[in-house]
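Participant: Task: produce atomic coordinates for the following.
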Amino acid sequence: MAGIFKPPGAFTITPHKVSMCILLQIYAPPAQISVPFPFSSVSQHNRLGLFLLALAKSCDDILELKLDELITQLREIGGLLNHWLSDHLTRRLSSLSSPDDLFNFFSDLRGILGGPDSSVVDDDQIILDPNSNLGMFLRRCLLAFNLLSFEGVCHLLSNIGTYCKEALSSCPPYELPRSDDSANDLEALLEYENMDLENFVFEKVSEEIEAKKRATERVSFHNHAPRALFGLVEDIEVSAGMKLTHSDKPREVSPFVHPSNDTLGGVDPPGVFLRTNWQIQGYLLEQADAIEKHGSSFPLNAFESILKQLQKLAPELHRVHFLRYLNSLYHDDYPAALENLHRYFDYSAGTEGFEFAPPSSPGCNSFGRYEIALLCLGMMHFHFGHPKQALKVLTEAVRVSQQHSDDTCLAYTLSAICNLLPEVRISSTTGILGSSFSPVASIGTSLSIQQQLFVLLRRSLKRAESLKLKRLVASNHLAMAKFDLTHVQRPLLSFGPKASMKLRTWPANVCKELRCSSHIISDFAMESSIMTTDGTFSTAWVKNLQKPMGSLIFSQDNGTGSNSDAFHFCAQPSSIPGSVLQLVGSSYVVRATAWELYGSAPLARLNALVYATCFTDSSSSADLALAYAKLIQHLAFFKGYREAFAALKIAEEKFLSVSKSRILLLKLQLLHERSLHRGHLKVAQQLCDELGVLASSVTGVDMELKTEASLRHARTLLAANQFNQAAAVAHSLFCMCYKFNLQVENANVLLLLAEIHKRSGNAVLGIPYALASLSFCQSFNLDLFKASATLTLAELWLSLGSNHTERASTLIHGAFPMILGHGGLELRGRAYIAEAKCYLSDPSFSVFEDPEVVLDPLRQASEELQVLEYHELAAEAFYLMAIVFDKLGRLEEREEAAASFKKHMIALENPQDEEDTFIDIISLG
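Facilitator: Next up is the predicted model:
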């Protein structure tokens, strides 16, 4: 069935708009209470209001609904009231039989609009705000009618008669004889008015639907949309395995979609319609969010075929090119991504699809938005691991934005550079950020990368605040928190005797920035986008009408209806944009990371749990996988590998183990740790190689992964007692970390060097490394890591002989509160063993006087290390227990401890018996 073709031009009054005005009179009758007749509840009243709001938003579409189609929509909206609403609408239209009736009708409409004194009306009185969407629509209708000549009013009256006649004649079983005399239209209207419309129109629903299906097989002259487009938009929510269905009949453009047979449980649908421009735009926006959320797990080919058809059938939708670019980008198809990005900006010139910089802004020029194209191209290079190209393009975007006075794009470009610099770890920006148009060129001095990044962050934050870009302000606060987390506060110009030498990070600054970033959830509306809101609204209505809950909400007699349906309807569309929720969720991920570094395991776990629980729907798959990885790591540290691998299996079912995914990296890390603890050194080396292969070969890219692989390689060599090779790998890693300013990683490398010297018997050489690691820990407030470094330093002093027992014991007991409160199984086991060794090495201590002082920590260590399956340390704990029991003459307990020691040593020295089972674990998922 074809809709009514509306001539282009200015806003004109049509029979469809007259129908909407009649429904507005029902929705907001003058001098009525808050729930007017015939509504029995606020939910019924609100549902009609949302229906009218969606109709008003689509009033400028090319095709308008016919009366029978509007009645069909009312049947879906009205529930048990649809008979009354439809009957009142048709009778009211039929009563407009003269120009005087139209003049009186539009004069009555003025009574439902609020005026200047609308603030003094009664609380229960219903009025329409003249500045609301519905109020603006009604004012446009009144103005359009007032501009009509008398001939135009008569023409409108004739169109209303045809409008009603077509609605009733569309049902062949009840079609009236066609009259050649057009002067009989008003007489026919009087006949229709006397009919029993309720029985005539609504009791024969199934026959009417079949008649419509037969009638719509003929294509109207003004509906020339291809058949493929009807099948393309049959279901606005495209699934991965969706098949494109091609209908045998064209369908009509409408702001809504009717439910399918499956949704309504076997009820024949009254027809599925084409979507309006708002709905297609809202659909594309939702798919863009889904691509960014799910990444490479988003279906590539199925969605690509849909976009190709949309591009072919509606070439004016330039956003389709951008969706194809995103789809290729997140599936790592560089040629396709570059081609679609160029196509998008060739066709749209950057003037469509970027809500943060509307085309009407001063940055828009007659040649398009070249700076936005550069921004997208730079981010694409960054995604594919081309840091130098990305920086060059983004710096050019800064220059073009300044040249065109596009402050908004400049703010976003600076923010992109700030996010790029910490990730790619560029050792020098000479020739990139040091040019005449560099954002930091005006400083007038040679700054390090970190200082340049700090300047950029501050400038980007101030620019975003001045432009009131709330989302960008929150994003910059998050970037500042990350910067303060891993960089010491030092002055830009440091010289003279009064220069500050206190180089430390400030956790209070990190917490302050995180709090500021979370404030966006309360004032995000300052940066809203009309297109985004309307498109999302239309798409939400499409989804809502596909759910079989309309009659339950409007039903006042159905006692079995669930109130949750009504709540669901009133709750949509969501009042908080997904981008805002994603930013708020990201602050919890940064909080979890911060507490990990600061050494508070419970708070890190708490923030990861909050993110995984409350922000699952709005978060990206990468951030959600990171939160899951943190929780699984917590299980491995505190509950052992059995619990961690059980949780890992659940996470693997949720996330795809694609290259460089957080879950895959976590899996390799856990398997490597377990291999070292159980003595599977060959498997451990294979896992190190796997980690190294995942890292990019480009310098400065994937530095975290490269550092992790080198650290684990050195630890594997250390476990194999290849001390020289392990020290060489650690020294090379330290140089790389120093070059790229990875200070936190440097603390870990220095502690590893101290461990290598301790294991090789050169404790004196290891002490400087342990002290240097302690210095890094103090500067960056790494409290738990500081406790671990203190424990290593104590072990080094202890290995120098009994003369240093007291110093070692003091260090251990000083670190005990942090270790026992926040340390994992391995750290606590090491601390217990070191404490027992201090007592046994002290000449003044007698084991006969208080044996439990030694035995109790050894029992604790053996229990926790057995849970962790750390054979070497568990064997050491049982060995010390056997010695103590032997001195005490407790032979049975000595033999039991000796047997446990032997069991762990055999498992450590002969791991082949368990190797096949362990390889099976590697192939999980």
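
Participant: which residues in the protein form strands?
Facilitator: With DSSP state E as the criterion, the chain has strands at 4-5, 63-64.

Participant: lowest-confidence stretch among those strands?
Facilitator: Ranked by mean pLDDT, the strands of the chain bottom out at strand 4-5, which scores a mean of 50.

Participant: neighbours around residue 465, how many?
Facilitator: Neighbours of residue 465 under the rule other CB atoms under 10 Å: 14. Any C-beta I mention is one placed from the backbone N, CA and C, and that applies to glycine too.

Participant: Quick check: the nearest residue to it once chain neighbours are set aside vs residue 405, distance?
Facilitator: Closest residue to residue 465 apart from its sequence neighbours, by CB to CB, 6 or more residues apart in numbering: residue 473 at 5.6 Å. From residue 473 over to residue 405 the distance is 21 Å, taken as CB to CB, to the nearest Å.

Participant: now residue 723
Facilitator: Counting by CB to CB, the separation of residue 723 from residue 405 is 62 Å.

Participant: picking up where we left off before, between residue 473 and residue 405, which one's more packed in?
Facilitator: With neighbours defined as other CB under 10 Å, residue 473 and residue 405 compare such that residue 473 has more, 28 against 12.

Participant: Could you list which residues are in contact with that one?
Facilitator: Shown in contact with residue 473 (CB atoms under 8 Å, 6 or more residues apart in numbering): 461, 464-465, 516, 520.

Participant: pLDDT value on it, please?
Facilitator: pLDDT, residue 473: 87.

Participant: ditto for residue 632
Facilitator: In this model, residue 632 is scored at 94, pLDDT.

Participant: Once you drop chain neighbours, what's closest to it?
Facilitator: In space, and not counting its chain neighbours, residue 632 is closest to residue 647: 4.9 Å by CB to CB, 6+ apart.

Participant: show me where pLDDT drops low in the stretch 451-600 of the chain?
Facilitator: Applying pLDDT under 70 to the stretch 451-600 of the chain flags the ranges 489-503, 521-576.

Participant: which residues of it fall in helices?
Facilitator: Ranges of helices in the stretch 451-600 of the chain, per DSSP state H, counting those that start in this stretch, are 470-486, 507-518, 520-523, 530-545, 550-554, 563-571, 578-598.

Participant: now do the stretch 701-850 of the chain
Facilitator: Using DSSP H, counting those that start in this stretch, the helices found in the stretch 701-850 of the chain span residues 703-719, 723-739, 743-759, 763-779, 783-799, 805-822, 825-841.

Participant: Would you format these as TSV with distance to residue 509 and mean neighbour count included?
Facilitator: Conversion of the helices of the stretch 701-850 of the chain to TSV gives the following (distance: least, CB to CB, whole Å; neighbours: other CB atoms under 10 Å):
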stretch	distance to residue 509	mean neighbour count
helix 703-719	23	21
helix 723-739	24	18
helix 743-759	16	23
helix 763-779	14	19
helix 783-799	17	24
helix 805-822	22	18
helix 825-841	28	22
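
Participant: can I get those in JSON lines with mean pLDDT and distance to residue 593?
Facilitator: Output for the helices of the stretch 701-850 of the chain, formatted as JSON lines (pLDDT from 0 to 100; distance: least, CB to CB, whole Å):
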{"stretch": "helix 703-719", "mean pLDDT": "93", "distance to residue 593": "12"}
{"stretch": "helix 723-739", "mean pLDDT": "93", "distance to residue 593": "18"}
{"stretch": "helix 743-759", "mean pLDDT": "93", "distance to residue 593": "11"}
{"stretch": "helix 763-779", "mean pLDDT": "93", "distance to residue 593": "17"}
{"stretch": "helix 783-799", "mean pLDDT": "94", "distance to residue 593": "13"}
{"stretch": "helix 805-822", "mean pLDDT": "93", "distance to residue 593": "15"}
{"stretch": "helix 825-841", "mean pLDDT": "94", "distance to residue 593": "19"}
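
Participant: Export those as JSON lines, with columns for distance to residue 479.
Facilitator: Shown next, in JSON lines, are the helices of the stretch 701-850 of the chain (distance: least, CB to CB, whole Å):
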{"stretch": "helix 703-719", "distance to residue 479": "17"}
{"stretch": "helix 723-739", "distance to residue 479": "22"}
{"stretch": "helix 743-759", "distance to residue 479": "17"}
{"stretch": "helix 763-779", "distance to residue 479": "21"}
{"stretch": "helix 783-799", "distance to residue 479": "24"}
{"stretch": "helix 805-822", "distance to residue 479": "27"}
{"stretch": "helix 825-841", "distance to residue 479": "32"}
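
Participant: for those, which one sits closest to residue 104?
Facilitator: helix 703-719 (74.8 Å; CB to CB).
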